[in-house]
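sequence and predicted model, in that order:
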There are 2 protein chains.
Amino acid sequence: MLYKTCVAVAFLAGADAFQVGSLASRVNAPKVSMAMAEAVVASPVALAKAADEARGLAIDSISKAHSGHMGLPLGCADIGAVLFGQEMVYNPADPKWLNRDRFVLSAGHGSMFLYSWLHIAGYEALTKEEVSNFRALGSITPGHPENFMTPGVECTTGPLGQGIGNGVGMACAAKMMAAKLNTAKHTIIDHHVVVLCGDGCLQEGVANEAVAFAGHEKLDNLILMYDSNGVTLDKMAEHTQSEDVQMRFEAQGWEVLTVDGHDMDAITKAYRYAKDSDNGKPTLIVCKTIIGKGIDEIAGTCAAHGEAGVKYQDSAREALGLPKEKWYVSPETYSFFANHKKELVGKYDKWMATYNAWKGENAALAQSLEDAIAGKVPDLDKLIPTYKEAGKGIATRNAGAEVLQPIAQSMPFYVSGSADLHGSNKNYMKGVGDFSKSNYAGRNFYYGIREHGMGAIMNGMAFYGGGLRVSGSTFLVFSNYMMGSVRVAALSGLPVKYIWTHDSIGVGEDGPTHQPVEVIAGLRAMPNLDVMRPADAEETAAAYIHSIITQDRPTAMILSRQDLPVLAGEPAMKREGTWKGGYVLVKETAPLTHIILATGSEVMLAVEAAKKLGPSVRVVSMPCVEVFERQSEAYKNEVLPNREITVACEAGYTGAWYKFAKKVLGVDTFGISAPAKFIFEEKGITVENLMNVAKSL
Amino acid sequence: MLYKTCVAVAFLAGADAFQVGSLASRVNAPKVSMAMAEAVVASPVALAKAADEARGLAIDSISKAHSGHMGLPLGCADIGAVLFGQEMVYNPADPKWLNRDRFVLSAGHGSMFLYSWLHIAGYEALTKEEVSNFRALGSITPGHPENFMTPGVECTTGPLGQGIGNGVGMACAAKMMAAKLNTAKHTIIDHHVVVLCGDGCLQEGVANEAVAFAGHEKLDNLILMYDSNGVTLDKMAEHTQSEDVQMRFEAQGWEVLTVDGHDMDAITKAYRYAKDSDNGKPTLIVCKTIIGKGIDEIAGTCAAHGEAGVKYQDSAREALGLPKEKWYVSPETYSFFANHKKELVGKYDKWMATYNAWKGENAALAQSLEDAIAGKVPDLDKLIPTYKEAGKGIATRNAGAEVLQPIAQSMPFYVSGSADLHGSNKNYMKGVGDFSKSNYAGRNFYYGIREHGMGAIMNGMAFYGGGLRVSGSTFLVFSNYMMGSVRVAALSGLPVKYIWTHDSIGVGEDGPTHQPVEVIAGLRAMPNLDVMRPADAEETAAAYIHSIITQDRPTAMILSRQDLPVLAGEPAMKREGTWKGGYVLVKETAPLTHIILATGSEVMLAVEAAKKLGPSVRVVSMPCVEVFERQSEAYKNEVLPNREITVACEAGYTGAWYKFAKKVLGVDTFGISAPAKFIFEEKGITVENLMNVAKSL
């Protein structure tokens, strides 16, 4: 690997611009010869020009919107030039190319960075008009990047730190895909994942969780570029941080390089070093930048962060050598990038040839990959067990464990994982191995006690493409540690599956810190998230199938710690009813006088109460309010014809049930530490109380 | 400080048991003489006996409950003996003593550690019967520690990582109280904060945020004892972590010491070093322990974590030398701790004398402290401005900024802060300084971009006692980054105040990642949290006053980014109405036909719609659903007499409004990036639509 050696020496030669480690003793210095210190940017003039024009696009768009963040697009323009103009491998004509380098803008407020470079790079959807309509209604250039809105945007970012977790997830995905697909003869996956972040991202705990995980799992295909500009929104960064970032990352198993973020040669060398070194370490490239570089009045200060530079638009454009025409990109720059695109398409075509050759020799594997990418799903309804034995006690988390096994076997791209609670969440997939540095093909993830990191990593795998179907688990109450990631999944339409066990006061002895009485209501308020709280093993089977068939939104599965009886009723009726979100579980046999609506562990109480109340009482099980709401008005009215005779029962917050029911029996206070049956009594969630409430209607 | 020197040499002499730093070059080695390597545990036999009896209590209680976590109480028993039997300064007869050392069990699942030691130490409420009723209904020994349940329990813990943040908050509080109260002549505050945590706590992002903050602010009164047992719940810890914890903490400005966690001498020396060194660094003491030590069959394995040791109860008790009597504490141990308690009470009495002398010479300061501790509040209703000028546009975040200033001036123990968004949240208190390593008396906190850490630190300051009134801010949408802490605050009844600005789709151009359409509904589902969404500046004033008068629960203030007009109506009526949670803002002047119920920025639309609809329409403003729900049935019926004629309007999740209204106009989808007025139109939150919905009733 002569090349690598050559690059490495350049680092050491140009110590001002580039440092490997801060303490030689802590760094495995690459072996070097002193011969090769030449520049590695082939077209420095063209790229510098493009960088200044990208700055101009950001200045013009943010000035027009009078809103946005100039700091990063200006401060990181030189990094953008290197990445999009020379180093990264991508194809603007096929933004979903499986083996593209993934670029994540974790510091999502710097969105004009992305839009400028995607435009310049030749992503056709990013017309100049779209760029100029930044933050306007109907544009594809929203205030923060949205993956579902803009071709070339890999991840929805903005909530800080998430993008780092997404990058780690993408790096996991790439490692897994490489392990599954590459053969001795053909390399299908060998791309890199590049994340650009700022101080804000690195201060966030979610990022630290992901960083620790990445170092532990030796994700050396991950390159984190840190826009180290010494500024946060409120103050100079030194006001809130003094940690030695390099030392922290080295402690967590990363390689750390430091460069002048405006020296394109240094950036390139560091990038290539990170890309080429097979040292089992992800790489942090600390890019020392001047925030807002290009607007002298504010550059290097926290004023540069937002839109304060707007008033200097004209003078800054002039100083950058831009003509009066706004959103100016020179013919030279367009031409340079058109040529670069040709080069990239050449690489793409070459990869396509490799892929087709590989496909010819590995037909079954290729088919399974293409099926996964196309979202094809095996006939799970047949594969997944049916629970017929009414009355048999089985915790829905245990039912989940059973249901998961045929999924694991029939869906080679389905991944599971837990934040250190496999033993309790029961979502371990047997016989498919553990994902780890020694087995990237394994499909059970051990995330450690890192719920938020898990959420962001799961999103990253889902953003990745490649057909991965991602699920992960923790206790329901700790879903609130990962809500930042759940929200991004819902907004982005990622079909991730959350297995959140240890539902409600049924948790018992662990007490109120572990009893989620309010959590489900909060989740139901989230747009685009299906929250399923199955009542028994059969509804759990149906919920799992729903979570897999659903491909445009996440599903949360809320499973019980405690045993629940398999409810009487035709399994097929229950399964299909679950897929409608709510259904008549017990049909009245006399003229209807009361409806008891319940979910999860309270459905058994509803059935019992109805039996005692008499034949005119109907029981409706509603495992998923969101799915039910999507049914026709006719169906909904058929199931729940009359709010005035309906009582709802769920061992949690009552407030959101009044849409369907006149009275609600629930739990609006925190729980208690005691065996579960005592808590249900103490909180009044009993058959007797339910009967009384029903009678009081 | 000869003593300190003496201790330090002992460290270096006993290198196996105790190491300062891992690389000499990275450690400021204390100056030492080689003369003093003697033992520092005065009664090693008594403490060792107590430790084994504490192990026995844990084994017996967990065995009886058949539920709980043995690993930590057994693994850390020797640490407990040192802390409770010799080193920490506290008074079981006055658990709220202002200058007590604070002990936080961050690894809250190890609650039997606390209950055992509090019992042995002589906290009278912790009778043997209570200890034996661990996790039973009605006991004061719940599954995880709850501060409101058990004297001597400083914090509610269990959700991992929180306790580290709480400890950091307590250390901040102690630094602030010392800076405010201590005089040249009298030292009122000089205690320490001790946190015991495990691997789980350290893996959590919230902990990392707090750790970075503590190092940055040089909180050298903080001692973090890390139960480093190499085990997490699922696996040996090495399965998910490989970071160099010492190096990470050193990078973050901490001193790190490593000891054998079963060597009481080494623990003591490290503790004293941490306590006595004024090096401007918080200290991490890595205690290498054997999880479950005392039950040979499981010790050192992940099986020891939970209750798997129950079946070895008898043999373990025998091996520990315990008699057949369960929950056995020997007369010798009781006697030893009774003597120790006398010694502690002596320190307490001495402090009391100092306090009284200080009080004599600093009457005004002492009065303000005692008023703060007693929860006395100035007459805020008079101090806080009244907003009379109907129609004047003022964002409620800006009204908040105005309202906050007289609070800052009149309440010397009120603290504010922001997660890097002071400029946007507008909750900076003028003229009271910034809390920092160079000014611990400052009352504005710059938390950095660390929302979850902020939440846990805020809780720590509130748990601390001492009369601190704690508020902090970020964007409303990022409240979901800190929900883990908010939940603990609500459960624990901490009167912290959240200033969450940038409400709803009104955020505008920043787009859906920043527009909280679902967040308020989720917060309202949380028990014991008052969520106030004021409609104008006057309601904001009332909300602030409410947040301060309320002392048994947190208040969330939801404030707008955009200008809102001051609504017509007597300010006093609006202020008092806000204190009732909901009130008739516009009274109908003809027989009532419609009620429009609204909150926050939608009340102005309701007023406009009512005006157009005619004199028979009432407008109800409901800034706080929770407070409204606590009013009498009579009042509630007076304000909202008829659900069938009521329409609710709020620019967020509709589902929870059907309790009060037959129809709801809201936003059940994610937002859009555009100027706010376009989004309100796009989402149909307009006067015209509201009129149409009202007419459709």
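Here it is on my side, so go on.

is the closest residue to A:Gly391 other than its chain neighbours in a bridge, and if so with what?
With C-beta to C-beta, 6 or more residues apart in numbering or on different chains as the criterion, A:Gly391 has its nearest non-adjacent residue at 5.1 Å, and that residue is A:Pro565. Where C-beta positions appear, they are placed from N, C-alpha and C, glycine not excepted. A:Pro565 has these beta-bridge partners by DSSP bridges: A:Gly393.

hang on, A:Pro565 packs against A:Gly393?
Yes. At 5.5 Å, A:Pro565 counts as touching A:Gly393 under the criterion of C-beta atoms under 8 Å.

okay, those two: which has more neighbours?
A:Pro565 (17 against 12; other C-beta atoms under 10 Å in any protein chain shown).

the residue of the stretch 101-250 of chain A found nearest chain B: neighbouring residues, count only.
Closest residue of the stretch 101-250 of chain A to chain B, C-beta to the nearest C-beta: A:Gly205 (2.1 Å). Per other C-beta under 10 Å, the neighbour tally for A:Gly205 reads 32.

got the contact list for the nearest residue to it once chain neighbours are set aside?
The shortest distance from A:Gly205 to any non-neighbouring residue, by C-beta to C-beta, 6+ apart, is to B:Gly205 (2.1 Å). Taking C-beta atoms under 8 Å, 6 or more residues apart in numbering or on different chains as the criterion, B:Gly205 is in contact with A:Glu204, A:Gly205, A:Val206, A:Ala207, A:Asn208, A:Glu209, A:Arg450, A:His452, A:Gly453, B:Gly161, B:His452.

can you check A:Lys64 too?
If you count contacts by C-beta under 8 Å, 6+ apart, then A:Lys64 has A:Ser132, A:Phe134, A:Lys326 around it.

look at it and give its secondary structure.
helix (DSSP: H, G, I helix; E, B strand; the rest coil).

A:Leu224 touches A:Gly198, doesn't it?
No. A:Leu224 is beyond contact range of A:Gly198, at 11.2 Å (criterion: C-beta under 8 Å).

show me which of those two is the more surrounded one.
A side-by-side neighbour count of A:Leu224 and A:Gly198, using other C-beta under 10 Å, places A:Leu224 first with 31 against 28.

in which helix or strand would I find the more buried one?
A:Leu224 is part of strand A:222-228, with elements assigned from DSSP states H and E.

looking at the contacts of A:Lys64, spot the one nearest B:Asn444.
Closest approach to B:Asn444 among these (C-beta to C-beta): A:Phe134, at 33.7 Å.

the stretch 151-300 of chain A against chain B: which residues are in contact?
The stretch 151-300 of chain A has residues A:156-160, A:199-201, A:203-209, A:212-213, A:215-216, A:232-235, A:239-248, A:250-253 near chain B, with proximity defined as C-beta under 8 Å from any C-beta of the partner chain.

make it 7 Å
A:156, A:158-160, A:200, A:203-206, A:208-209, A:212, A:215-216, A:232-235, A:239-244, A:247-248, A:250-253 (C-beta under 7 Å from any C-beta of the partner chain).

list only buried entries from the residues you listed.
Buried members of those, scored by 16 or more other C-beta atoms under 10 Å in any protein chain shown, are A:156, A:158-160, A:200, A:203-206, A:208-209, A:212, A:215-216, A:232-235, A:239-241, A:243-244, A:247-248, A:250-253.

picking up where we left off before, for B:Gly75, see how far away the residue of the stretch 101-250 of chain A closest to chain B is.
26 Å (C-beta to C-beta, to the nearest Å).

about what we covered before: for the contacts of B:Gly205, work out which two are farthest apart.
A:Ala207 and B:Gly161 (14.7 Å).

tell me where the model's unsure across the stretch 1-150 of chain A.
The stretch 1-150 of chain A contains residues with pLDDT under 70 at A:1-37.

tell me the contacts of A:Phe670?
Contacts for A:Phe670 were tallied using C-beta atoms under 7 Å, 6 or more residues apart in numbering or on different chains; they are A:Pro512, A:Val517, B:Leu491, B:Pro527, B:Asn528.

which of the helices or strands spans it?
Going by DSSP H and E, A:Phe670 is not in any helix or strand.

in the stretch 451-600 of chain A, what residue lies closest to chain B?
A:Gly522 (3.0 Å).

number of residues surrounding the nearest residue to that residue once chain neighbours are set aside?
Among residues not flanking A:Gly522 along the chain, B:Gly522 sits closest, at 3.0 Å (C-beta to C-beta, 6+ apart). The number of residues packed near B:Gly522 is 27, by other C-beta under 10 Å.

tell me the SS of B:Gly522?
Under three-state DSSP, B:Gly522 comes out as helix.

could you break chain A into its assigned domains?
A:2-344, A:380-695 (automatic domain parsing).

and the shortest one, how far out from the chain's middle?
This means domain A:380-695. 21 Å (C-alpha atoms, centre = their mean, to the nearest Å).

start to end distance for it?
42 Å (C-alpha to C-alpha, to the nearest Å).

enumerate every residue touching the residue lying closest to A:Ala173 once chain neighbours are set aside.
For A:Ala173, ignoring the flanking residues on the chain, the nearest one in space by C-beta to C-beta, 6+ apart is A:Tyr464 at 3.9 Å. For A:Tyr464, the contact set (C-beta under 7 Å, 6+ apart) comprises A:Gly169, A:Met170, A:Ala173.

quick one, helices of the stretch 251-400 of chain A?
For the stretch 251-400 of chain A, helices defined by DSSP state H, counting those that start in this stretch occupy the ranges A:264-276, A:313-319, A:331-361, A:363-373, A:380-383, A:396-410.

run through who's touching the fifth one.
So that's helix A:380-383. A:Pro406, A:Ile407, A:Ser410, A:Ile545, A:Ile548.

roughly how far does the second one sit from chain B?
Spelled out, it's A:Ile407. 21 Å (C-beta to the nearest C-beta, to the nearest Å).

give me the pLDDT for the residue nearest to A:Ala173.
On the pLDDT scale, A:Tyr464 is placed at 98.

still on that earlier bit, hmm, the residue of the stretch 451-600 of chain A closest to chain B is touching B:Arg524, no?
No. Counting by C-beta atoms under 7 Å, A:Gly522 does not reach B:Arg524; the two are 8.9 Å apart.
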